[in-house]
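Enquirer: Show me how the following folds:
(one chain, ligands or ions: 2)
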Amino acid sequence: MIQLRNIRKEFGDLVAVEDLTFEIEPGELVTLVGPSGSGKSTVLNMIAGHLEPTSGSIQLDETDITHMRPQERPTSMVFQSWALFPHMTVRENIRFPMEAQGMPKDGRVDELLDQVELDPVEYADKQADELSGGEQQRVALARAIAYDPEILLLDEPLGSLDYVLQKQLRRELSDLNEELDMTFIYVTHSLESALLMSDRIFVLREGDLVQSGEPIDIYKRPRNRFIAEFMGDANIFELDSAVRTNGTLEVSSSAFEAPIEFTDARDVAPDYVVVRYDDAFVAPDLERNVGVEATVHNTLVKGNRVLVEVDVPNSEDEYIADMNYEKGATLSNGDSVYFQWDKEDTILVPE
Ligand code: ADP
Ligand code: MG
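Expert: Ligands and ions are numbered 1, 2, ... in the order given. Below you'll find the predicted structure:
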């Protein structure tokens, strides 16, 4: 188990990581997500030993590794740009760091190539610069796991690959995580990657851990507006009031004709009602149990889905429902409709 305790990292006057405490179990695949500059790479580099924390400690099982040199740690890192030696073969690239550690074994190279889905017969003796981007990243991955590290650190490793390849490698990385029983700490700003791959997601903002949990929890129960918007397409209704009486929460907004009442609301003092695009529905009749009168503003066909944009009285914001084609394609601009959703899909968040 790796534990970060009150980790802080300053670069001069800049506080890149504020006061970070978390632990990750062996074999977990944890994703660090957050906007650019939120401290994700800084955290990985402190775990790898490329950066020293200003204060706090990093503990691996019983050992304090806070100040240990990178090569003494059981960690290995994969970056967005894979930095292979271009004129060396695949085999040499993978053997090179193993030789430096005094552990070269040719059989091991073949085994590693199999693990990253590259046929050793075809690839082992190819020169690195003859490979495609995806193949090079597979080799970089093989090189990173060659020492059998306890923790693999991946800093936006699929960032420069095309979408189809990203999808494929994402799946392979998940499989590899299970097969190797190795802890993976994966940094991405791709929400889709985080939601699909992770056992747990850690959301960072300005060097703070703002929420952690299983993907579905963070998606369905974000802790504040920032996380709600960061974790998926969100319609936002600003509330005028939220009044709690005897376990009932009544929220009002100038966009609602009447307050909406929740009997099972969590213990939050919400400032906003959030409805995900794909939880929202637009139709002339009220077919769900919460609805707001609205006017269709635009419809945008996206494959077999339609994004229906509506205007809502008393709100400047645009509201969007991501609907299936059959329902969405019947709507026209100017139609009087209800922007509606199931009450249990309502997300209530503070600022
Ligand atoms: P992320 O990976 O989430 O995009 P980083 O960890 O790279 O964010 O950066 C966090 C903050 O620390 C940013 O404001 C960045 O400019 C700053 N930073 C990162 N590395 C250095 C450094 N070596 N020197 C000075 N500032 C740095
Ligand atoms: Mg980064």
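Enquirer: In which helix or strand does Pro97 reside?
Expert: Per DSSP states H and E: Pro97 is located in helix 90-100.
Enquirer: Return the list of helices and strands in contact with the following helix or strand past that helix.
Expert: Sequence-wise, the next helix or strand downstream of helix 90-100 (DSSP H and E) is helix 106-115. Packed against helix 106-115 by the contact rule (3 or more CB pairs under 8 Å, 6 or more residues apart in numbering; DSSP states H and E) you find helix 90-100, helix 120-123, helix 133-145, helix 163-180. C-beta coordinates here come from the backbone N, C-alpha and C atoms, glycine included.
Enquirer: Contacts for helix 106-115 next, please.
Expert: The contact list for helix 106-115 (CB atoms under 8 Å, 6 or more residues apart in numbering) reads 90-91, 94-95, 98, 119-120, 123-124, 142-143, 145-146, 176, 179-180.
Enquirer: Is there proximity between the helix or strand where Phe22 lies and ligand 1?
Expert: Following DSSP H and E, one finds Phe22 within strand 14-24. Yes - using CB under 6 Å from any ligand atom, strand 14-24 reaches ligand 1 at 14, 16.
Enquirer: contacts for that strand?
Expert: So strand 14-24 is contacted by 1-10, 30, 39, 42-43, 46, 53, 56, 183, 185, 200, 202, 206-209, 212 (CB under 8 Å, 6+ apart).
Enquirer: and what of stretch 204-211?
Expert: Counting by CB under 8 Å, 6+ apart, 9, 15-22, 32-35, 37-40, 42-43, 202-203, 218, 222-224, 226-227 sit against stretch 204-211.
Enquirer: Please indicate which of the residues you listed are buried?
Expert: 9, 15-18, 20, 22, 32-34, 38-40, 42-43, 202-203, 218, 222-224, 226-227 (16 or more other CB atoms under 10 Å).
Enquirer: So, low pLDDT: which residues of the stretch 201-350 of the chain?
Expert: For the stretch 201-350 of the chain, residues meeting the criterion pLDDT under 70 lie at 265.
Enquirer: hey, where'd the helices end up in it?
Expert: Using DSSP state H, counting those that start in this stretch, the helices of the stretch 201-350 of the chain run over 215-220, 225-230, 325-328.
Enquirer: any idea how far Val275 lies from Leu348?
Expert: Remark: distance between Val275 and Leu348 (CB to CB, to the nearest Å) = 11 Å.
Enquirer: can you pull the contacts of Ala269?
Expert: Residues in contact with Ala269 (CB under 8 Å, 6+ apart) are 242, 350.
Enquirer: How about the one 3 residues further on?
Expert: Counting by CB under 8 Å, 6+ apart, Tyr272 makes contact with 225, 228, 236-239, 348-351.
Enquirer: does it have beta-bridge partners, and which?
Expert: With DSSP bridges applied, Tyr272 shows beta-bridge pairing to Glu238, Val349.
Enquirer: From Gln340, how far off is it?
Expert: 18 Å.
Enquirer: Repeat that for Val187.
Expert: 38 Å.
Enquirer: Show me which of these two is the more surrounded one.
Expert: Val187 (25 against 22; other CB atoms under 10 Å).
Enquirer: returning to that earlier point: out of the contacts of strand 14-24, which end up buried?
Expert: Buried among the contacts of strand 14-24 (16+ other CB under 10 Å): 2, 4-5, 7-9, 30, 39, 42-43, 46, 53, 56, 183, 185, 200, 202, 207-209, 212.
Enquirer: Inside helices: which ones of those?
Expert: 42-43, 46 (DSSP state H).
Enquirer: show me which of those neighbour ligand 1.
Expert: Thr42.
Enquirer: circling back to that earlier point, for the helix holding Pro97, C-alpha coordinates in CSV please.
Expert: Output in CSV follows, covering the C-alpha atoms of helix 90-100 (Å, rounded to 0.1, in the frame of the first residue of the first chain):
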residue,chain,number,x,y,z
VAL,A,90,12.9,-2.8,-29.8
ARG,A,91,14.9,-5.6,-28.0
GLU,A,92,17.8,-3.2,-27.3
ASN,A,93,15.4,-0.5,-26.0
ILE,A,94,13.9,-2.9,-23.5
ARG,A,95,17.2,-4.6,-22.6
PHE,A,96,19.1,-1.3,-22.1
PRO,A,97,17.5,-0.4,-18.7
MET,A,98,17.6,-4.0,-17.6
GLU,A,99,21.3,-4.2,-18.4
ALA,A,100,21.9,-1.0,-16.4
